[in-house]
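Novice: Mind looking at a prediction? Sequence and model below.
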Amino acid sequence: MHPDWIVPDWPAPANARALSTTRAGGIGAAPWDSFNLAGHVGDDPATVAENRRILRAALPAEPVWLNQVHGAGVIELDATPPSAPPEADAAIARAPGRVCAVLTADCLPVLFCDLDGTVVAAAHAGWRGLAGGVLEATVAAMAVPPDRILAWLGPAIGPDAFEVGPEVREAFVARHAMAGIAFRPAWPGTLDEAPRKWLADLYQLARIRLATIGVGQVHGGGLCTHSDRAHFFSYRRDGVTGRMASLIWLD
């Protein structure tokens, strides 16, 4: 495994393999330096292709890249791999060698597997997808008891950096009152008005949503893409930038 990549520290079954890339270890030039894996961010296509070739050497097959739209769509990869990136924000697989992958640069990547090693999944959870139920849809598509599922939260923008408007907080609190604990005022107003901006904790929001549907074995969290320029791309920090990949498959 590449020394710059992250291997999840979780009690996954022996046949479930996963990794999350960082921005290091590729061939790209600034501002995509150096291991950008996305073809839609303005980088040289030949550079992206070479970085994907480097990644492919660590995988059993070519990943199924998604056309991510910040929604809650889930695709199953056990049929013939699609000829073009499918529009979805999560993928699941039961057949060995089918590689689920999501691309992120502040949004939260979530990897899943069941304790018996029969199904894996990867989900792209920005705040819109998270509020819209992408994690719940992914768990439902896995079709195993939620208490038999492990989840791993990969690198995302941290709670000290993710400033949002009140509409984002309202989108979560309207569904789960407990979600209010994942927000704290960023720029408070006067004593008689609500805060104009909030700091949101994507990791905590994901844990709340997963616990609500019975997924209690949640690992990872705590890596901030925005604050760690050396290791991670961050769209909120840099605007034009690359994307990391989080991937999972069964042997």
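Specialist: All right, it came through fine.

Novice: And the residue lying closest to A156 once chain neighbours are set aside, its phi and psi?
Specialist: Setting aside the residues directly before and after it, A156 is nearest to L108 in space (Cβ to Cβ, 6 or more residues apart in numbering), at 3.9 Å. (C-beta placed from N, C-alpha, C; glycine too.) Dihedral angles phi and psi of L108 (degrees, to the nearest 10) take the values phi -90, psi 120.

Novice: For L108, give me the pLDDT.
Specialist: Looking at L108, its pLDDT reads 98.

Novice: ok, it - how many residues close by?
Specialist: Residues contacting L108 under the criterion other Cβ atoms under 10 Å number 28.

Novice: quick one, strands of the stretch 101-250 of the chain?
Specialist: Listed in chain order, the strands of the stretch 101-250 of the chain (DSSP state E, counting those that start in this stretch) span 108-114, 120-125, 149-153, 163-164, 183-185, 198-200, 217-220, 244-250.

Novice: most packed of the ones you listed?
Specialist: Across the strands of the stretch 101-250 of the chain, averaging neighbours per residue (mean count of other Cβ atoms under 10 Å) puts strand 120-125 on top, at a mean of 29.

Novice: can you map out the helices along the protein?
Specialist: Using DSSP state H, the helices of the chain run over 45-56, 127-132, 134-142, 166-173, 202-212, 235-238.

Novice: Return the residues in contact with H176.
Specialist: H176 makes contact with I208, R209, T212 under the criterion Cβ atoms under 8 Å, 6 or more residues apart in numbering.

Novice: so what pLDDT did the last one get?
Specialist: Among the per-residue scores, T212 holds a pLDDT of 96.

Novice: which residue is nearest the middle of the chain?
Specialist: Nearest residue to the geometric centre of the chain (Cα atoms, centre = their mean): P109, 1.0 Å.

Novice: Pairing partners for that residue in the sheet, please.
Specialist: With DSSP bridges as the criterion, P109 is bridged to H124.

Novice: so it sits right up against P155, yeah?
Specialist: Yes: distance between P109 and P155: 7.3 Å, which falls inside the contact criterion (Cβ atoms under 8 Å).

Novice: who touches P185 in this structure?
Specialist: P195, K197, W198, L199.

Novice: change it to 10 Å
Specialist: A194, P195, R196, K197, W198, L199 (Cβ atoms under 10 Å, 6 or more residues apart in numbering).

Novice: Return the distance of stretch 155-164 from the chain's centre.
Specialist: 13 Å (Cα atoms, centre = their mean, to the nearest Å).

Novice: Could you do stretch 74-89 as well?
Specialist: 17 Å.

Novice: which one of the contacts of H176 has the most neighbours?
Specialist: Within those, neighbour counts (other Cβ under 10 Å) peak at R209, which reaches 24 neighbours.

Novice: thinking again about what came up before, any chance of the strands of the stretch 101-250 of the chain in JSON lines, with distance to I92 too?
Specialist: Formatted as JSON lines, the strands of the stretch 101-250 of the chain follow (distance: least, Cβ to Cβ, whole Å):
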{"stretch": "strand 108-114", "distance to I92": "8"}
{"stretch": "strand 120-125", "distance to I92": "4"}
{"stretch": "strand 149-153", "distance to I92": "11"}
{"stretch": "strand 163-164", "distance to I92": "29"}
{"stretch": "strand 183-185", "distance to I92": "30"}
{"stretch": "strand 198-200", "distance to I92": "27"}
{"stretch": "strand 217-220", "distance to I92": "17"}
{"stretch": "strand 244-250", "distance to I92": "10"}
